[in-house]
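Chemist: missing the sequence, but the structure's below:
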């Protein structure tokens, strides 16, 4: 049904280089390439913003887009309150589209304006993780013996122990979990890249209890009270309800991932192993997760001092 709707949208948008038409064609191409639905949602949101701006400056065709207009759009994003990360995201979406159009259509005489626009600067400012004390308080609200208590306790421990993204957590099946080895296969990672994450002994113990309490036949590891696979929004609501019960501010779902990264680093894990567990393609992305304090740096130096270790 989605494919039929996509084609109908394309057919209803006639015209040579109609911007909206080609953006829809790009979305169809991305879906055909089997990118994640979260990536498709990202493009749709960013394209709506861009099309709204284009409408305001009366630009409806790709060939009317200039480098000056693109710079004005990025400035518009800043002036309307988007943070540097949001401006960078807007740039990336438009760049992907225009490079795709250039390669797909190869319009004679057309010069891609994005090639003249510099990537917006993105300061690498580490974002704060959820504090371990807050996670303890969330888990303390799961002290009952109901299935939901067991699920939520296991869920919080799973989030912190694996560092997996929220949508990755929701996609995990029972068959992906090896409690004996303490590993989980993340089959639907970002960019459709699978990887292995790990579980500690305590998380495995709680997962066993949760698994034994399940009576449904759903293959999903995390299910709702009605036995359906847990969604991103359902997971968000669980955290919200437990945070209210614990009397703390609701942590973001990604805050658990940041806490995983920072606490693994503090415990001595090397950054290359951490990079692989996080599913990052390079260390530049990982830097945003490591909100190290001066105390962290001092502690790292105490054990690594070249002079002290050499025994001078």
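Modeler: Happy to help now that I have it. This structure is a prediction, so every number in the text was calculated from the model and none was measured. Residues are numbered from 1 along each chain as shown.
Chemist: Count the neighbours of residue 193 for me.
Modeler: When neighbours are counted by other CB atoms under 10 Å, residue 193 registers 11. Heads up, the C-betas are built off the backbone N, CA and C, glycines and all.
Chemist: so how far is residue 280 from residue 76?
Modeler: 31 Å (CB to CB, to the nearest Å).
Chemist: Setting the sequence-adjacent residues aside, check what's closest to residue 137.
Modeler: Leaving out its chain neighbours, the residue that sits closest to residue 137 by CB to CB, 6 or more residues apart in numbering is residue 246, at 4.1 Å.
Chemist: so who does that neighbour touch?
Modeler: 134, 137, 138, 140, 141 (CB atoms under 8 Å, 6 or more residues apart in numbering).
Chemist: Most neighbours among the residues you listed, which one?
Modeler: Going by other CB under 10 Å, residue 138 tops the contacts of residue 246 with 27 neighbours.
Chemist: For residue 128, give its distance to residue 269.
Modeler: 19 Å.
Chemist: Domain ranges for the chain, per the record?
Modeler: Domain assignment for the chain by automatic domain parsing gives 2-116, 132-299.
Chemist: Could you dump the ones you listed into TSV with distance to residue 122 and mean pLDDT added?
Modeler: Below are the domains of the chain laid out as TSV (distance: least, CB to CB, whole Å; pLDDT from 0 to 100):
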stretch	distance to residue 122	mean pLDDT
domain 2-116	5	86
domain 132-299	9	90
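Chemist: Over to residue 144. Which of the three states is it?
Modeler: Put simply, residue 144 is coil when judged by DSSP: H, G, I helix; E, B strand; the rest coil.
Chemist: Look up how far residue 56 lies from it.
Modeler: Distance from residue 144 to residue 56, by CB to CB: 54 Å.
Chemist: list the contacts for the residue positioned nearest the centre of the chain?
Modeler: Centroid check for the chain by CA atoms, centre = their mean gives residue 165 as the closest residue, at 5.8 Å. Contacts for residue 165 (CB under 8 Å, 6+ apart) come out as 189, 190, 254, 257, 279.
Chemist: so which of those is the most crowded?
Modeler: residue 257 (25 neighbours).
Chemist: which element is that one on?
Modeler: Take DSSP states H and E as the rule and residue 257 turns out to sit in helix 253-266.
Chemist: which secondary structure elements does that helix contact?
Modeler: Counting contacts by 3 or more CB pairs under 8 Å, 6 or more residues apart in numbering; DSSP states H and E, helix 253-266 packs against helix 132-140, helix 147-162, helix 232-246, helix 271-278, helix 294-304.
Chemist: sorry, back to before: for the residue nearest to residue 137, give its distance to residue 153.
Modeler: 13 Å.
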